[in-house]
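Peer 1: Got a predicted structure here, sequence first:
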Amino acid sequence: MARYEITGGQPLNGEVTISGAKNAAVAILPAAVLVAGKCRVENVPDISDVRILLDILEDMGVQVTHVEPGVVELDSTNVTSTHPNPDLVRKMRASYYLMGVLLSRFGEASVALPGGCNFASRPIDQHLKGFRALGAEVAETEDYVNLFPGPDGLHGSRISLDVVSVGATMNIIMAACLIPGQTVIENAAKEPHIVDLANFLNTMGAHISGAGTDTVKIRGVEKLRGGTYTIIPDQIEAGTYLAAVAAAGGNVLVKNVIPKHMDCITSKLQEMGARVLNYDDSIRIISEGRLRNTTVKTRPYPGFPTDMQAQICVCMSLASGVSRLTENVYETRFFGYCSELQNMGAEILINGKTAIVTGQEKLRGASVTAHDLRAGAALVIAGLAAEGVTRIRNIHFVERGYENIIHKLTALGARIDRVED
Ligand code: UD1
């Protein structure tokens with residue numbers, strides 16, 4: 001077990017380069033199974049979720065070659081199994097994409113229910129509803145989903161999602177790629193990684209239109225060919241560094257970002273008093289003096305992301321006045337970190353799906369525990385901004401989604417160490 005030890009109170013200064021988007025990578029890498037040929041994927045983040053996924057794919061017969069840091073070649077010509085290793089599948093959330101890709105390419109799949117961060121009950125009924133609409137029989141056991149063609153075979157279909165779901169939108173897009181006929185997904189999610197997945201698949205020969213709007217159309221094709229694709233920068237990693245500078249103070253150029261993807265986050269940090277300068281593919285943030293209180297409501301993209309809820313809560317904990325933070329996607333998400341922040345001196349009152357945060361002059365270092373990925377990121381930010389030493393346990397959660405976090409923060413002047421027990 002390892003932990004982070006942070007001596008807080010240093011402003012952050014310098015430059016940080018953002019890695020490839022986790023939530024795009026964990027969809028695009030399994031999507032390579034749809035391609036009976038070689039895909040070269042660039043800007044792949046070196047994070048534990050990606051490593052697990054590559055192990056799963058290799059175990060299924062995908063030839064995985066690490067060409068250089070951040071570049072992976074996947075050759076799915078000889079996939080030998082439609083039954084990915086359940087122990088590995090249960091280690092992460094996004095393994096559910098294997099259901100869609102295996103159904104599409106082989107007409108069948110037997111996939112264990114996914115694991116990953118359990119900050120809320122995370123049903124996959126909308127994924128399964130989509131597969132059924134595409135003509136699949138779905139046989140569920142307590143911990144498995146088995147998919148095979150129904151009596152009418154697999155075919156395109158019209159699916160209206162009951163909730164806006166990132167995972168269901170991506171899974172149905174993947175499933176529909178090689179299934180004959182047209183599929184239309186209505187009430188689709190619009191996150192940047194959905195557009196990225198569609199761009200990847202279109203580069204490989206798929207016919208997908210409308211990604212990034214609430215109606216996505218997929219015309220099934222017989223096969224996909226290989227190609228090269230570069231994953232977009234990580235919106236949430238970038239947002240986390242921006243929030244860290246806002247909370248700890250400083251002046252940082254955040255490089256390799258798509259500023260448009262960041263508007264929902266930077267507009268809030270500006271409201272709180274940080275200066276934000278957008279360039280073509282970077283953002284400078286300058287934070288001096290105390291932040292101001294604000295109101296944030298999480299929403300699907302282009303709203304404020306639920307994956308930034310915990311990080312903005314740290315900023316609110318240090319702002320003047322009372323802030324309100326409402327969670328509209330995963331209502332139980334506050335429980336993953338608010339009590340830990342309270343141990344550091346934050347004043348947070350949870351009332352249903354709203355946290356009322358009374359800003360404090362200072363947070364103080366404490367021993368805290370990360371309970372999920374973004375909760376862990378928030379504790380890192382709190383540690384950077386707090387007076388004294390913060391020790392964070394369960395950092396494997398953080399390392400699921402943040403490439404080289406120690407190195408990147410140290411380069412900005414932070415005093416953070418990874419200590420092996
Ligand atoms: C993805 C992200 C996660 C992010 C979340 C919301 C990945 C690997 N993870 O998770 O980091 O926090 O989007 O932006 O990309 N829902 C259902 N039934 C379903 C699916 C979802 O009721 O079949 C509900 C969920 O409980 C939740 C909401 O829909 O309330 C949104 O979930 P969804 O967008 O699917 O999240 P994930 O794809 O699991």
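Peer 2: Arrived safely, thanks for sending. Quick caveat: nothing in here was measured; it's all calculated off a predicted structure. Residues are numbered from 1 along each chain as shown.
Peer 1: from the middle of its chain, how far away would stretch 50-59 be?
Peer 2: 17 Å (Cα atoms, centre = their mean, to the nearest Å).
Peer 1: Quick one: mean pLDDT for that stretch?
Peer 2: Mean pLDDT, computed over stretch 50-59, is 96.
Peer 1: Can you list the buried residues in it?
Peer 2: Val50, Ile52, Leu53, Leu54, Ile56, Leu57 (16 or more other Cβ atoms under 10 Å). Heads up, the C-betas are built off the backbone N, CA and C, glycines and all.
Peer 1: So which of these sit within helices?
Peer 2: Applying DSSP state H to the buried residues of stretch 50-59, the entries found in helices are Val50, Ile52, Leu53, Leu54, Ile56, Leu57.
Peer 1: Not counting its neighbours along the chain, what's nearest the fourth one?
Peer 2: Read it as Leu54. Spatial nearest neighbour of Leu54, chain neighbours left out: Val64 (5.2 Å); criterion: Cβ to Cβ, 6 or more residues apart in numbering.
Peer 1: Okay, the one you found and the ligand: tell me how far apart.
Peer 2: Using Cβ to the nearest ligand atom, to the nearest Å, we find Val64 at a distance of 20 Å from the ligand.
Peer 1: ok, now how distant is that residue from Thr203?
Peer 2: 19 Å (Cβ to Cβ, to the nearest Å).
Peer 1: Report the contact partners of the residue nearest to Leu412 when sequence neighbours are not counted.
Peer 2: In space, and not counting its chain neighbours, Leu412 is closest to Leu12: 4.1 Å by Cβ to Cβ, 6+ apart. Shown in contact with Leu12 (Cβ atoms under 8 Å, 6 or more residues apart in numbering): Ala244, Val245, Ala248, Gly249, Gly250, Val252, Leu384, Leu409, Leu412, Gly413, Ala414.
Peer 1: picking that back up, which single one of the buried residues of stretch 50-59 is nearest to the ligand?
Peer 2: When the buried residues of stretch 50-59 are compared for distance to the ligand (Cβ to the nearest ligand atom), Leu53 wins out at 10.4 Å.
Peer 1: Please, which helix or strand holds the closest residue to the closest one other than its chain neighbours?
Peer 2: Of all residues not flanking Leu53 in the chain, Leu29 sits nearest, at 5.3 Å (Cβ to Cβ, 6+ apart). Applying DSSP states H and E as the criterion places Leu29 in helix 22-31.
Peer 1: Kindly export that helix (C-alpha atoms) in CSV.
Peer 2: Extracted C-alpha coordinates of helix 22-31, given in CSV (Å, rounded to 0.1, in the frame of the first residue of the first chain):
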residue,chain,number,x,y,z
LYS,A,22,-9.1,8.5,-19.7
ASN,A,23,-12.8,8.1,-20.6
ALA,A,24,-12.0,8.3,-24.3
ALA,A,25,-9.1,5.8,-24.0
VAL,A,26,-11.1,3.3,-22.1
ALA,A,27,-13.7,3.3,-24.9
ILE,A,28,-11.4,3.6,-27.9
LEU,A,29,-9.0,0.7,-26.9
PRO,A,30,-11.8,-1.9,-26.6
ALA,A,31,-13.4,-0.4,-29.8
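Peer 1: Say whether the ligand is contacted by it.
Peer 2: Yes: counting by Cβ under 6 Å from any ligand atom, the ligand has neighbours in helix 22-31: Asn23, Val26.
Peer 1: and the helix or strand just after that helix, how far from the chain's centre?
Peer 2: The element immediately downstream of helix 22-31 (helix or strand, assigned by DSSP H and E) is strand 38-42. Relative to its chain's centre, strand 38-42 lies at 20 Å (Cα atoms, centre = their mean).
Peer 1: Strand 38-42 - what's its average pLDDT?
Peer 2: In this model, strand 38-42 has an average pLDDT of 97.
Peer 1: pretty sure Pro259 is in contact with Tyr279, am I right?
Peer 2: Yes: judged on Cβ atoms under 8 Å, Pro259 makes contact with Tyr279 at a distance of 7.3 Å.
Peer 1: neighbour count winner among those two?
Peer 2: Using other Cβ atoms under 10 Å, the more surrounded residue of Pro259 and Tyr279 is Pro259, with 17 against 12.
Peer 1: All the strands of the stretch 101-250 of the chain, residue numbers only.
Peer 2: For the stretch 101-250 of the chain, the strands defined by DSSP state E, counting those that start in this stretch occupy 109-112, 136-140, 144-149, 158-160, 182-186, 207-209, 215-219, 227-230, 250-255.
Peer 1: As JSON lines, the ones you listed with mean neighbour count would be great.
Peer 2: Formatted as JSON lines, these follow (neighbours: other Cβ atoms under 10 Å):
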{"stretch": "strand 109-112", "mean neighbour count": "22"}
{"stretch": "strand 136-140", "mean neighbour count": "16"}
{"stretch": "strand 144-149", "mean neighbour count": "19"}
{"stretch": "strand 158-160", "mean neighbour count": "15"}
{"stretch": "strand 182-186", "mean neighbour count": "19"}
{"stretch": "strand 207-209", "mean neighbour count": "17"}
{"stretch": "strand 215-219", "mean neighbour count": "20"}
{"stretch": "strand 227-230", "mean neighbour count": "16"}
{"stretch": "strand 250-255", "mean neighbour count": "20"}
